[in-house]
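Peer 1: quick one: sequence plus predicted model below, questions after.
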Amino acid sequence: IRRFQQSLRIMYGKEGKDVIFTETVLGGGKGFWQTRLQGIPVPKKNNDAPMFFKQAMLEQAEEWGTHNKILPTGEKGLRRTVPNNFSYFFVEWDANAGYAQIIEEKGNFPKDFGVDTIAGMLEMDPIRFNKAERQSSNDEKGMVLRFLDKWKPVDWTVELDT
């Protein structure tokens, strides 16, 4: 996953953008876990992620039944910051900088928390309230092909074929 993230950072960096990665891990009953990873490109000049996420995480702590403590992950990394078998939300705005927060009440955690916080940072309506128009299959195909053109120079997976 780290190699994909680094490639996305390089690809969007060429366009003057940063990529903010969010990870939500929720433990369920009977050993079932649900994980959601998202990478959201943002303009470099608007990347105030540390400030916005710290504030948003503190505000939501009571609602989620979450520890109020925000855990910086820079020095130790995520895996050594959050104990095993704990549900958590994690945001990373730089390869070595992010915050994690343990989630106790999984049912109260908003699934779009990361995207909504980024929308607020960019002074946009939260995405969950802004329903996108449905794309035609030709439009979607064009979007995929444009992405693949940008991805090709940073695609590290081609090394696996050699």
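Peer 2: Cool, got the structure. Model, not experiment: these values are computed from the prediction. Numbers count the residues shown, from 1 in each chain.
Peer 1: Gly114 reaches Glu92, doesn't it?
Peer 2: No. When contacts are counted by Cβ atoms under 8 Å, Gly114 is not listed as touching Glu92 (10.5 Å). All C-beta atoms are positioned from the backbone trio N, CA, C, and that covers glycine.
Peer 1: overlap in contacts, those two.
Peer 2: Counting by Cβ atoms under 8 Å, 6 or more residues apart in numbering, the residues touching both Gly114 and Glu92 are 20, 22.
Peer 1: where do the helices sit along the chain?
Peer 2: 2-13, 49-64, 113-121, 137-151 (DSSP state H).
Peer 1: tilt between the second one and helix 113-121?
Peer 2: Meaning helix 49-64. Relative orientation of helix 49-64 and helix 113-121, computed by axes from the mean of the first three to the mean of the last three Cα atoms, to 10 degrees: 130 degrees.
Peer 1: identify the residues contacting helix 49-64?
Peer 2: With contact meaning Cβ under 8 Å, 6+ apart, helix 49-64 is reached by 20, 42, 66-68, 70, 89, 91, 93, 97, 99, 101, 103-105, 108-110, 113, 117-118, 120-121.
Peer 1: which residues sit in contact with Asp155?
Peer 2: Ser7.
Peer 1: give me phi/psi at it?
Peer 2: Dihedral pair for Asp155: phi -70, psi 100, per degrees, to the nearest 10.
Peer 1: from Leu148, how far out is it?
Peer 2: Applying Cβ to Cβ, to the nearest Å, the value for Asp155 to Leu148 is 9 Å.
Peer 1: what's the answer for Phe109, then?
Peer 2: Remark: distance between Phe109 and Leu148 (Cβ to Cβ) = 33 Å.
Peer 1: then Gln6?
Peer 2: For Gln6, the distance to Leu148 - Cβ to Cβ - is 18 Å.
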